[in-house]
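Asks: Need a 3D model of the following:
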Amino acid sequence: MQRDHSALINRAMNRLTSDGILYFSNNFTRFELDEQLTERYEIIDITQKPLVLILILKSPFIKVLRFVIVRLII
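Replies: Now for the predicted structure:
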């Protein structure tokens, strides 16, 4: 997952409409997000949101991120 996450996320985001949202989660404790993704997408760590906390109570190592396509203002 660590090695391939950038390509997987980019491919998934390319299939979304312009207002689409991708939720990404993993439980690799040493996971590090590719910095290039932060330049391309708006990424919000929602791991600590109440609904997400309910879903991950059984695995405290899960991290959940919300990706949104960045809209450039010209």
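Asks: quick check, Glu42 in a strand?
Replies: Yes: the assignment for Glu42 is a strand, going by DSSP: H, G, I helix; E, B strand; the rest coil.
Asks: where does it sit relative to Met13, distance-wise?
Replies: As judged by CB to CB, to the nearest Å, Glu42 and Met13 stand 11 Å apart. (C-beta placed from N, C-alpha, C; glycine too.)
Asks: who's more crowded, those two?
Replies: It is Met13, of Glu42 and Met13, that has more neighbours when counted by other CB atoms under 10 Å, with 18 against 12.
Asks: For the helix or strand hosting the more buried one, buried residues please.
Replies: Assigned by DSSP states H and E, Met13 falls within helix 5-14. For helix 5-14, a neighbour-count test (16 or more other CB atoms under 10 Å) marks 5, 9, 13 as buried.
Asks: The first one against Gln36, yeah?
Replies: What that stands for is His5. No: look at His5 against Gln36 with CB atoms under 8 Å: they stay out of range, at 11.2 Å.
Asks: Near Arg15, how many other residues are there?
Replies: As a burial measure, Arg15 scores 8 neighbours (other CB under 10 Å).
Asks: Fine by me, we can end here.
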